[in-house]
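[1] 3D, please:
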Amino acid sequence: MDYHLVLSPRANKDLKKLERSVRYQIDRALFQLQQNPYTYKLKFLKDKRLTDFRIRVGNYRILYDVYEEDRVIYIIRIGHRKDIYR
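    Now for the predicted structure:
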């Protein structure tokens, strides 16, 4: 059963700023994430103040939280690895 993806306003803004080729890769990753939020590419973040999980898409990162009871994946940020954790 699929999860529902919800992009934060910041993540939506981040996604719109990306180049078309990168956006395509991110869209594919989001689709796979929607099928299984606990994918093999998943990494738990040590600092839980920002978010719980992240996946890597090339040089870009998708930061997100999973709410099991509502079957929702909340995308917090999408960005280049050098800027995402600031």
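
[2] Could you point out which residue ranges in the chain have low pLDDT?
    Where the chain drops to pLDDT under 70, the residues are 1, 40, 46-50.

[3] got the residue ranges for the helices in it?
    In the chain, the helices defined using DSSP state H lie at 9-17, 20-35.

[4] Pull the contacting residues for the most centrally placed residue in the chain.
    Residue closest to the average C-alpha location in the chain (CA atoms, centre = their mean): Ile62, at 3.0 Å. Contacts for Ile62 (CB atoms under 8 Å, 6 or more residues apart in numbering) come out as Ile26, Ala29, Leu30, Leu33, Arg54, Ile55, Ile75, Arg77, Ile78. Placement of C-beta: from N, CA and C, glycine included.

[5] Adding distance to Arg71, write the helices of the chain out as CSV.
    Listed next are the helices of the chain as CSV, based on distance: least, CB to CB, whole Å:
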stretch, distance to Arg71
helix 9-17, 19
helix 20-35, 10
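
[6] could you dump the ones you listed to TSV with distance to Glu68 and mean neighbour count?
    Output for the helices of the chain, formatted as TSV (distance: least, CB to CB, whole Å; neighbours: other CB atoms under 10 Å):
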stretch	distance to Glu68	mean neighbour count
helix 9-17	20	14
helix 20-35	14	14
